[in-house]
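Undergrad: Task: produce atomic coordinates for the following.
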Amino acid sequence: REQTWNVRGNSAWEAIRNGHPFDAIPPLLANLQEQTNARDASEARENRVRIAAVLAQSPRLIDVLPAGQPITSVAVDPNGRRIAIGTERGQVQLFDAYDGSRHWVAEPADATHFWQTQRINVLTFSNDGRYLIAGRPWSRRAAHPSGQDQVLIELDSGRVRLPPASRCPGFVDASYSPGGYAVIRCRDASGKRWGRLVLIDPDWSPLGPLRRIDDINPLWQLAPHGPQVAQLTSTVSHLEVSKPGTLDCGYRIALPSSALLRAWAFNPDGTRLTIGFGDGQVWLVEAGSGKHTRLATQSGVGVAAFSYSADGRWLAVARDNGQAEVWDVATGRTLADPVRHGDGPFSASVDSSNGLLFTADSQTARLWQLPRHGGDITLLATVPIGSPHYGGVPWYGAAAYHPAQNLLVPRLIDGQARLWRVRPQAA
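TA: Alright, predicted model coming up:
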């Protein structure tokens with residue numbers, strides 16, 4: 001009998017060590033029931049303490065938000081007070097994170113005319129808390145994120161904001177930055193494409209003249225705060241970065257023909273553009289000059305996505321094989337050995353203040369603790385998301401995490417968003 005209890009106890013410990021605390025509860029409960037029936041008060045008392053400790057450190061389901069249709073993206077605002085949900089049918093809904101009430105429902109189906117799809121796959125809150133930026137899916141061969149076909153929604157009212165015809169007649173689509181800038185694109189009567197960089201408030205003020213866009217389907221990346229734009233042509237032969245405050249070319253970077261550019265991201269202050277390739281290369285580009293260096297990565301696996309910490313010190317790299325790395329940008333070194341989230345592409349974000357790594361694909365979301373003074377990354381929590389095969393819903397936008405509130409929100413195809421409270425270790 002005691003041997004059976006020990007086997008169950010070891011099984012519970014292994015589940016906890018692997019970041020699956022919920023799987024530790026059944027064997028511990030089975031032991032508790034048998035120990036209680038056997039009147040072994042001492043063993044039962046210790047088991048109750050173990051169960052209480054597991055529950056205290058496990059994710060807690062605190063609320064359920066009903067979207068009413070399959071959810072394809074989620075985001076939490078910087079204050080942790082509001083949760084945005086994008087759906088399969090093209091709705092955007094805003095909820096209160098404290099009481100679960102729904103503020104509004106927006107339906108921006110006709111706000112752009114680029115991709116023939118309704119699904120909302122990416123949601124981003126603006127830096128000033130006034131807007132929500134919603135993005136639709138893009139080609140799997142395009143760099144992540146594509147910057148195409150985005151929609152701007154007022155947070156207070158849920159109203160979709162569109163540029164006036166006077167700024168861009170024949171409006172097609174736009175790309176927005178969290179810092180309040182936008183590239184708006186239009187098509188004239190002859191079919192020629194034009195673009196313009198604008199300051200959204202107060203009235204889509206132009207920061208330069210309309211510029212002819214010769215490329216059929218370019219990708220766009222805007223700096224988070226400053227008015228600078230990176231453009232990737234459909235031939236993927238070079239990267240063009242604009243002069244600040246205009247769409248005029250500042251410089252071009254020739255890209256290797258042997259590997260596609262797969263991911264790109266500006267750091268928070270816009271001074272650096274990071275680009276990653278299908279052969280595993282990672283380049284750090286000085287946004288002002290175009291000079292670039294390479295991270296000394298040994299991986300030959302393609303880059304799926306990037307994310308900087310809020311202070312720009314750390315860079316999370318997600319690779320196509322499910323492996324995550326966290327780099328100290330100043331030293332050019334990783335903070336720990338890579339960890340594996342799953343078996344395919346996923347997203348990763350990093351919080352340098354609390355030493356946390358958050359990863360998510362279309363199946364699961366995971367929270368990891370980075371080592372303080374060397375050592376391994378520790379898996380803290382795993383939360384299920386949903387079916388990876390539903391309607392081809394991609395891996396990006398699958399879940400959101402707010403470190404200050406310890407709030408984890410995965411998307412679910414059953415039309416409900418579940419809010420989990422997690423308890424990371426103290427940094």
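Undergrad: List the residue ranges of this structure that fall below the pLDDT cut-off.
TA: 17-19, 56-57, 113-117, 139-141, 386-395, 413, 424-427 (pLDDT under 70).
Undergrad: Helices along that one, start to end?
TA: With DSSP state H, the ranges of helices along the chain come out as 2-17, 25-37, 41-57.
Undergrad: can you tell me which of those comes nearest to residue 358?
TA: helix 41-57 (17.1 Å; Cβ to Cβ). C-betas here are computed from N, CA, C, even on glycine.
Undergrad: Show me what that closest one packs onto, helices and strands only.
TA: On a contact count with 3 or more Cβ pairs under 8 Å, 6 or more residues apart in numbering; DSSP states H and E, helix 41-57 meets helix 2-17, helix 25-37.
Undergrad: What residues of the longest one count as buried?
TA: Of the residues in helix 2-17, those with enough neighbours to count as buried (16 or more other Cβ atoms under 10 Å) are 5, 8, 9, 11, 12, 15, 16.
Undergrad: Closest to residue 89 out of those?
TA: So of these, ranked by how close each gets to residue 89 (Cβ to Cβ), first place is residue 15, at 37.9 Å.
Undergrad: ok so, going back, could the helices of the chain be laid out in JSON lines, adding distance to residue 262?
TA: Output for those, formatted as JSON lines (distance: least, Cβ to Cβ, whole Å):
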{"stretch": "helix 2-17", "distance to residue 262": "33"}
{"stretch": "helix 25-37", "distance to residue 262": "40"}
{"stretch": "helix 41-57", "distance to residue 262": "36"}
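Undergrad: Identify the residues contacting stretch 166-176?
TA: By Cβ atoms under 8 Å, 6 or more residues apart in numbering, the list of residues contacting stretch 166-176 from outside reads 112-114, 126, 131, 133, 147-150, 152, 162-163, 165, 182-189, 193-194, 196, 198, 200, 204, 206, 210, 220-222.
Undergrad: Show only the entries of these found in strands.
TA: 131, 133, 150, 152, 182-187, 193-194, 196, 198, 206, 220-222 (DSSP state E).
Undergrad: Could you identify the buried members of those?
TA: Neighbour-count burial (16+ other Cβ under 10 Å) is assigned, among those, to 131, 133, 150, 152, 182-187, 193-194, 196, 198, 206, 220-222.
Undergrad: just to revisit the earlier point, next, format the helices and strands packed on helix 41-57 as JSON lines and append distance to residue 156.
TA: Compiled in JSON lines, the helices and strands packed on helix 41-57 are given as follows (distance: least, Cβ to Cβ, whole Å):
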{"stretch": "helix 2-17", "distance to residue 156": "44"}
{"stretch": "helix 25-37", "distance to residue 156": "43"}
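Undergrad: Residue 143 is nearest to which of the ones you listed?
TA: helix 2-17 (37.3 Å).
Undergrad: Determine the set of other helices and strands touching that closest one.
TA: Packing partners of helix 2-17 (3+ Cβ pairs under 8 Å, 6+ apart): helix 25-37, helix 41-57.
Undergrad: Pull the distance from it to the chain's centre.
TA: Centroid separation for helix 2-17 versus its chain: 36 Å, with Cα atoms, centre = their mean, to the nearest Å.
Undergrad: So what touches that helix?
TA: Contacts with helix 2-17, where a contact means Cβ under 8 Å, 6+ apart, come from 21-25, 27-28, 30-31, 34-35, 43, 50, 54.
Undergrad: what inclination does it have with respect to helix 41-57?
TA: Angle of helix 2-17 versus helix 41-57, following axes from the mean of the first three to the mean of the last three Cα atoms, to 10 degrees, is 10 degrees.
Undergrad: Convert the C-alpha atoms of helix 2-17 to PDB, please.
TA: C-alpha atoms of helix 2-17 as PDB (Å, rounded to 0.1, in the frame of the first residue of the first chain):
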ATOM      1  CA  GLU A   2       2.700   2.500   0.900                       C
ATOM      2  CA  GLN A   3       4.600   1.600  -2.300                       C
ATOM      3  CA  THR A   4       1.500   2.600  -4.300                       C
ATOM      4  CA  TRP A   5       1.300   5.900  -2.400                       C
ATOM      5  CA  ASN A   6       5.000   6.500  -3.200                       C
ATOM      6  CA  VAL A   7       4.500   5.800  -6.900                       C
ATOM      7  CA  ARG A   8       1.500   8.200  -7.000                       C
ATOM      8  CA  GLY A   9       3.500  10.800  -5.100                       C
ATOM      9  CA  ASN A  10       6.400  10.600  -7.500                       C
ATOM     10  CA  SER A  11       4.000  10.800 -10.400                       C
ATOM     11  CA  ALA A  12       2.500  14.000  -8.900                       C
ATOM     12  CA  TRP A  13       6.000  15.500  -8.400                       C
ATOM     13  CA  GLU A  14       7.000  14.700 -12.000                       C
ATOM     14  CA  ALA A  15       3.800  16.500 -13.300                       C
ATOM     15  CA  ILE A  16       4.600  19.600 -11.200                       C
ATOM     16  CA  ARG A  17       8.200  19.600 -12.300                       C
END
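Undergrad: Compute the inter-axis angle for it and helix 25-37.
TA: Between helix 2-17 and helix 25-37, the angle comes out at 150 degrees (the same axes, to 10 degrees).
Undergrad: For stretch 240-252, measure first residue to last.
TA: Taking Cα to Cα, to the nearest Å as the measure, stretch 240-252 stretches 5 Å from start to finish.
Undergrad: rewinding a little: please convert the helices and strands packed on helix 2-17 to CSV, extending it with mean neighbour count and distance to residue 230.
TA: As requested, the helices and strands packed on helix 2-17 are exported to CSV (neighbours: other Cβ atoms under 10 Å; distance: least, Cβ to Cβ, whole Å):
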stretch, mean neighbour count, distance to residue 230
helix 25-37, 17, 48
helix 41-57, 14, 42
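Undergrad: All good on my end, thank you.
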